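# mind folding the following:
(one chain, ligands or ions: 1)
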Amino acid sequence: MDLRKHTITPKQRAVIEQNIITRVLGYQPFIFADDLEVGAGQHFIQEIKHTRLLHWPTHDPRVSDVLTDDVDLFRQSNARLREVYERFMDFMVEQLGDIRGLSFAEVGCNTGYFLFGLALRGARRCLGYDFSPGYELFQALNDILGTRCEFHFADWDSLQHRLNYNPLPEVDVAMSIAVTCHLADPIHHLAYLCDHSRKAVFLWCPIRDENRLCLYFDTPGKLTRQLAWPLSFDQDVRFSVPLLRMCLEQAGFEDIRELSCPASLPPEWQTWFSGQRGYLAYRTRDIRTALTPEGGKRTRDIPPAAYAHVPGLPRQVPFLVKSHHSYNIVQMHDKFYAIDRVLGAMDLTKAETLSSLARRRDGRCFITKTLAEAEGLVDWFLESRKMPPAAVLERVSA
Ligand SMILES: C[S@@+](CC[C@H](N)C(=O)[O-])C[C@H]1O[C@@H](n2cnc3c(N)ncnc32)[C@H](O)[C@@H]1O
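Residues are numbered from 1 along each chain as shown. The predicted model follows:
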């Protein structure tokens, strides 16, 4: 983003410089003035460490390690990167149409490049989340650009699979751009993003060139020191395309539109672009994943035979559904049990678990999935006047 056509006050410039010094600004390609430009374009194209992120002739000595050694290449590379990044937002607008009614949220927003870009294109609300604090910078950029983007400190928690400190609200479009490559749990991150998006999700991430479902982790040259293993496994994590698509589809986003590479990019940038994928995926089903309480079952049922042996479980009391002559049908855990002899009401309320019940009935209580099956089983007991043979047991528990 080129801010040279905007007025930047000395106070705003001081905020920008301070954010460069604290290493918050540097990654995304902003031109603030002829003598102040940041961006990782040169780093990306030369595949060098993050040491060529800044052009600032009168620089503060604390950032001399990140100054570019080749101003022309630095500027050209960042212009290419801006071309790619602007394409992301143009693509979203092309696909989504009028974005004036839409809210966007980006997890791992960094210095807000995409949020400011969307706000300038008319988005109703733009929310940014990152563990790198951007409060003052967002305020300064909002003042310069006349936007109202919001920054929220948040830390994606790969243990609990959620955003700590500031959970994501439901928005029209949630975005994650070059973030899954840093996460030990990228599948859960995508599911979280999908669960909080009403309309679509936008993703951009490095991919592993594989036709199978796979997640690739590079050999960790660095493990983040702030977190313990395995949360520290942040090393070039890549989805294969089939897995990425599957994650979207399973979360209810089956209309997947791929971002194409801008034709204007020179060959080395086309190669760089081809190592990643960008998708805008539209919600096609109103479902949620297991990450949210509405997302359906999160834990398996405990098999009745194991229930009594698992410490700390709440007492499960079966209740009587129906009595047929000398047979009872009781229900527990959404399942029905046909029992061979009448148990008194006291007996039933005292029974703690199915297995204790089964013990008291000499193992003769039979599980069915539906009440109709339980009734069929009882009819069979009554008709044949004997307990069911193995074949019947198999049929009812299948
Ligand atoms: C490679 S940068 C991408 C930034 C931006 N989305 C873009 O593409 O320009 C990754 C961003 O994700 C943020 N990030 C990484 N892990 C995070 C986490 N666990 N919680 C919050 N933010 C995280 C970093 O602070 C950084 O701003």
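# list the residues that contact the residue of the stretch 51-200 of the chain found nearest the ligand.
Nearest residue of the stretch 51-200 of the chain to the ligand: Gly108, at 2.9 Å (C-beta to the nearest ligand atom). Just so you know, the C-beta spots here come from the backbone N, C-alpha and C atoms, and that holds for glycine as well. By C-beta atoms under 8 Å, 6 or more residues apart in numbering, the contact list for Gly108 reads 129-130, 156, 176-179, 182.
# filtering those by proximity to the ligand, which remain?
130, 156, 177-179, 182 (C-beta under 6 Å from any ligand atom).
# per-residue pLDDT, the residue in the stretch 251-398 of the chain that the ligand sits nearest to?
Relative to the ligand, the nearest point of the stretch 251-398 of the chain is Gln276 (10.1 Å; C-beta to the nearest ligand atom). Reported pLDDT at Gln276 in the predicted model: 96.
# next: Thr224.
pLDDT at Thr224 comes out at 61.
# also the one 10 residues further on?
Listed pLDDT for Asp234 reads 80.
# now the residue nearest the centre of the chain: how far from Trp156?
The residue lying closest to the centre of the chain (C-alpha atoms, centre = their mean) is His189, at 2.2 Å. From His189 across to Trp156, the span is 6 Å (C-beta to C-beta, to the nearest Å).
# shared neighbours, those two?
Residues touching both His189 and Trp156 (C-beta under 8 Å, 6+ apart): 107, 179, 183.
# inside strands: which ones of those?
Among the shared contacts of His189 and Trp156, the members falling in strands (DSSP state E) are Val107.
# let me know the closest of the shared contacts of His189 and Trp156 to Val38.
Val179 (19.4 Å; C-beta to C-beta).
# tell me, how many neighbours does that closest one end up with?
23 (other C-beta atoms under 10 Å).
# test my guess that it contacts His189.
Yes - look at Val179 against His189 with C-beta atoms under 8 Å: they come within range, at 7.1 Å.
# list residues touching both of these two?
Contacts common to Val179 and His189, judged by C-beta under 8 Å, 6+ apart, are 107, 156.
# what's the residue nearest to the residue of the stretch 251-398 of the chain closest to the ligand when sequence neighbours are not counted sitting at in phi/psi?
Nearest residue to Gln276, sequence neighbours excluded (C-beta to C-beta, 6 or more residues apart in numbering): Pro206, at 4.9 Å. With angles defined as degrees, to the nearest 10, Pro206 sits at phi -60, psi 150.
# please report how far Pro206 lies from Asp218.
Taken as C-beta to C-beta, the span from Pro206 to Asp218 is 10 Å.
# overlap of the contact sets of those two?
Asp236.
# need the three-state assignment for His188.
Secondary structure, DSSP: H, G, I helix; E, B strand; the rest coil: His188 is helix.
# chain neighbours aside, what residue packs nearest to it?
In this structure, His188 finds its nearest non-sequential neighbour in His161, 3.8 Å apart by C-beta to C-beta, 6+ apart.
# that neighbour: neighbour count?
Using other C-beta under 10 Å, His161 has 17 neighbouring residues.
# equivalent analysis for Arg277, please.
Arg277: 18 neighbours (other C-beta under 10 Å).
# phi and psi next, for it.
Taking degrees, to the nearest 10 as the convention, Arg277 sits at phi -130, psi 140.
# quick check: the gap between it and Asp209.
From Arg277 across to Asp209, the span is 11 Å (C-beta to C-beta).
# where does pLDDT dip in the stretch 101-250 of the chain?
Judged by pLDDT under 70, the stretch 101-250 of the chain has its weakly predicted residues at 221-225.
# residue numbers of the stretch 101-250 of the chain in contact with the ligand?
108-110, 113, 130-132, 154-156, 177-179, 182.
# once you drop chain neighbours, what's closest to Val310?
Ile302 (6.1 Å).
# and the one you found, which of the three is it?
Strictly by three-state DSSP, Ile302 counts as coil.
# what's the burial count for it?
Neighbours of Ile302 (other C-beta under 10 Å): 16.
# can you check the one 10 residues further on too?
Each residue near Gly312 was counted by other C-beta under 10 Å, and the total is 4.
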